[in-house]
Structures are given as structure tokens and as C-alpha cells.
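**Student:** Dropping a prediction and its sequence here:
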Amino acid sequence: MNNPKIIRTNSNNIDFQELVKELDADLKIRDGEEHAFFAQYNKIDLINHVVVAYMNDEAVGCGAIKQYDDDTMEVKRMFVKPTNRGNGIATMVLKEVENWTKELDFSKCILETGIKQPEAIALYQKNNYTQIPNYEQYEAVESSVCFEKTL
């Protein structure tokens, strides 16, 4: 298998938009009745910092960052196609958004994921993210788990 190729782009990228459709379909099943609540915070219009991973010219994974505050980027829309999981693609995408965060002079990444996404939780823990109290819109959401990493 060839090594994945990572590109930086924005939310106008068609491959990113297609991967997000797959992500949203998966989350709709996992989140059940809570899906509409989470979906309102996952709009992809006007995201300027998007990463897409390609394997043999096929888009297989993605992630994005959005400014949260003066020092922090929020990691959003992390996804790898199920058939491509277990190959380190998610870690590669995460490292790329972390590198981009540093290049933009931000020193921390935060993110929210769901307790029904154990593979996402494992990814963040493996990459030295620390669980933090749920922030802002997720404060009272029992099915949310929030993490941060100082870069």
C-alpha cells in the first residue's frame, strides 16, 4: 500500500465535502436523537483550514481546524473511511492539523467527540490529548467528551 498523501485546502474542496457526508451519515446513526444538536456545531461552510488524506488518488480521510480563541484552534470533522482505518491515516491527519495550528501561531488544540465514538477517543488519547471539562456548547451534554493538547 502506498503512503497516504496529505493536502491542505479549505471547505470548498469537493473531496472534503464528500467525506463529511459519510461522517455525518455515520454520526447520525451513532448519535441517534442527539444528532440535530451536534449537527448545528458541525457546519462546514467557510472553514479555511482543511486537511484531506489521499490513498492512490482516493480521498480517504479528513480533518479541519477553526479558531476558537486567540490561542486555541478547535479540531473539527475528523474522519477516515471505515475501509481505510487502522493504517495510521487519522494520526497523520491529526498531526497535520496540529502542525498547521503551530504555523498559525496558536499553541493549543481543543476538540469535542462523543462517548459513542470510542475509536476517536482512543486516537486522541494515543496522541497525548488530555480530557478536559466540556466547554461552552457541550457543557451540559453528558454524551460529549472534550480534549485539549498544548502544542
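**Tutor:** Sure, I can see it.
**Student:** since we're on the residue nearest to Thr72 when sequence neighbours are not counted, how many residues are nearby?
**Tutor:** In space, not counting the residues next to it along the chain, Thr72 is nearest to Lys108; the distance is 4.6 Å by CB to CB, 6 or more residues apart in numbering. (C-beta placed from N, C-alpha, C; glycine too.) Using other CB atoms under 10 Å, Lys108 has 16 neighbouring residues.
**Student:** didn't Lys108 look like it was pressed against Glu148?
**Tutor:** Yes. Between Lys108 and Glu148 there is a contact at 6.0 Å, judged by CB atoms under 8 Å.
**Student:** Common neighbours of the two, please.
**Tutor:** With contacts taken as CB atoms under 8 Å, 6 or more residues apart in numbering, Lys108 and Glu148 have Thr72 as neighbours in common.
**Student:** Name the surrounding residues that touch stretch 133-149.
**Tutor:** With CB under 8 Å, 6+ apart as the contact definition, stretch 133-149 has outside contacts at 31, 34, 37, 41, 72, 98, 108-116, 121, 124, 127-132.
**Student:** mind listing which of the residues you listed are in strands?
**Tutor:** When DSSP state E defines the strands, the subset of the contacts of stretch 133-149 inside them is 72, 108-114, 130-132.
**Student:** so which of the residues you listed would you say is closest to Asp24?
**Tutor:** Here the nearest of these to Asp24, counting by CB to CB, is Gly114; it sits at 13.0 Å.
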